[in-house]
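Engineer: Turn this into a structure:
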Amino acid sequence: MTPKADSDEAFLDAATAAVGNSGAPALRLGAYEGPLDLLLELARAQRVDLAQISVATLAEQFEAVVTAAIDQRRVPLPRLADWLIMAAWLTLLRSRLLLPAAAAESAEAEREAQGLRRKLADREWASRLADWLERRPQLGRQVFARGEADQTATVGAVPLADTAELLRACSRLLVLPHWDRVYRPRPPTLWRAPDALERICQLLPTVGEGADLTSFLPPPSEARVQSPLQRRAALATTLMAGLELSWDGIVAFARDKAFGEIRLRLNGEAVVLE
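Structural biologist: Sure thing, here's the model as predicted:
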C-alpha cells in the first residue's frame, strides 16, 4: 500500500472524530479539505471550484463516513439526514457544470455546435476542392492550346450568314395557324320559350281551372326532355312562358302555401297566341 493510500485510510478512520461544532463530517476531496457544510456554503457562494472535485470521490468518502457513523451509533438519525441533504446539494451543483441547466441555453449551445460543425465541414470540402483544382492540368503550364490563325477584325464589316437558313427561318414565321381546327362546343337541345307558350295556350282551355304548372311540360317521349338538365330547363321555360302570359292578362297564377304547387287559370274565354 502506498503512503498516499495509508494517509487517505487514516483520514477516513478519523472522519467521525472530525465531526466538531458544525456537526458535519470532514472530507478530503483533493481541491478541498474540511467539513461538508462549509464546502456546501462555499459552493453556493461560488468561492470554490467545483470542477476540481470528483463526484465519485465525494460519494466514496461520504459513504465511508456515514457507514462508520451508523456502526458506532454516535450520530443521531436527523443529523445523518442533514448530511445526506448536503451531499445531494453538492452533487446537484457539481452536475450542473456538466451540461447547461436551462433548455434554451442547451438548445442555443447545440445550434452553435452544429453551425461550427457545418463551417468546419464546408472548410474541409473547400480545401479538398482547392487541392483537386491545384492537381488539374493548367492551361499554359501543363497543357497548351492549339494555334489559331490571326483574324484581322474589320471595323463595320457585316458578318456572313447562311442564306438558306435565313429563308427557312422566314418561312417558319410566315406559316399561318389552322383556324379551322378551333373547338366549338355543341349546345344542348332544350325546350324553347315559343314552344312552351304554344303548349300552354293549347292545353289551358282543356285542363280546367287551377292546372298545375307541371301539367304543361312536354311529354316524356319528347327528345328535348330526356336528361335531368333538359327537364329542369323545360320547367324554367314553362314558368317564363306562364309569366309572359300573366303580364298580358291571359292567365293568372295561384298558390295555396309558400313553396307549394304553382297553378295556372285562364282569365278569359279563349287564349289568343300572337
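
Engineer: need the helix or strand of this structure with the lowest average pLDDT.
Structural biologist: Within the chain, judged by mean pLDDT, DSSP states H and E, the helix or strand with the poorest mean is helix 3-13; its value is a mean of 50.

Engineer: Find out how far the helix or strand immediately after that helix in the chain is from the centre of the chain, if you would.
Structural biologist: Per DSSP states H and E, the first helix or strand lying C-terminal to helix 3-13 is strand 26-28. Remark: strand 26-28 is offset 57 Å from the chain centroid, using CA atoms, centre = their mean, to the nearest Å.

Engineer: Show me what the helix or strand following strand 26-28 pairs with in its sheet, parallel or antiparallel.
Structural biologist: As assigned by DSSP H and E, the chain's next helix or strand after strand 26-28 is strand 33-35. For strand 33-35, sheet partners with direction are given as strand 26-28 (antiparallel), following DSSP bridges.

Engineer: ok, and for the partner strand, which residues are buried?
Structural biologist: In terms of neighbour count (16 or more other CB atoms under 10 Å), strand 26-28 has its buried residues at 26-27. To be clear about C-beta, it is placed using only N, CA and C from the backbone, and glycine gets the same treatment.

Engineer: now the strand or helix carrying R118: mean pLDDT?
Structural biologist: Secondary structure from DSSP H and E places R118 in helix 103-135. Averaged across helix 103-135, the pLDDT comes to 83.

Engineer: Following the chain past it, name the next helix or strand.
Structural biologist: Elements were assigned by DSSP H and E; along the chain past helix 103-135, the next helix or strand is helix 163-174.

Engineer: Okay, now the unreliable bits of the stretch 101-250 of the chain?
Structural biologist: Where the stretch 101-250 of the chain drops to pLDDT under 70, the residues are 101-103, 105-106, 147-161, 176-182, 208-209.

Engineer: again, only using 80
Structural biologist: Low-confidence segments of the stretch 101-250 of the chain, defined by pLDDT under 80: 101-107, 109-110, 140-141, 145-162, 172-184, 204-211.

Engineer: Off-centre distance for stretch 220-238?
Structural biologist: Remark: stretch 220-238 is offset 50 Å from the chain centroid, using CA atoms, centre = their mean.

Engineer: Kindly report the same for stretch 119-137.
Structural biologist: Here stretch 119-137 is found 36 Å from its chain centre; the criterion is CA atoms, centre = their mean.

Engineer: go on, stretch 30-47?
Structural biologist: Distance of stretch 30-47 from the chain centroid (CA atoms, centre = their mean) equals 51 Å.

Engineer: From one end of that stretch to the other, what's the distance?
Structural biologist: The separation between the terminal residues of stretch 30-47, taken as CA to CA, to the nearest Å, is 16 Å.

Engineer: ok, now stretch 246-258?
Structural biologist: One end of stretch 246-258 sits 19 Å from the other (CA to CA).
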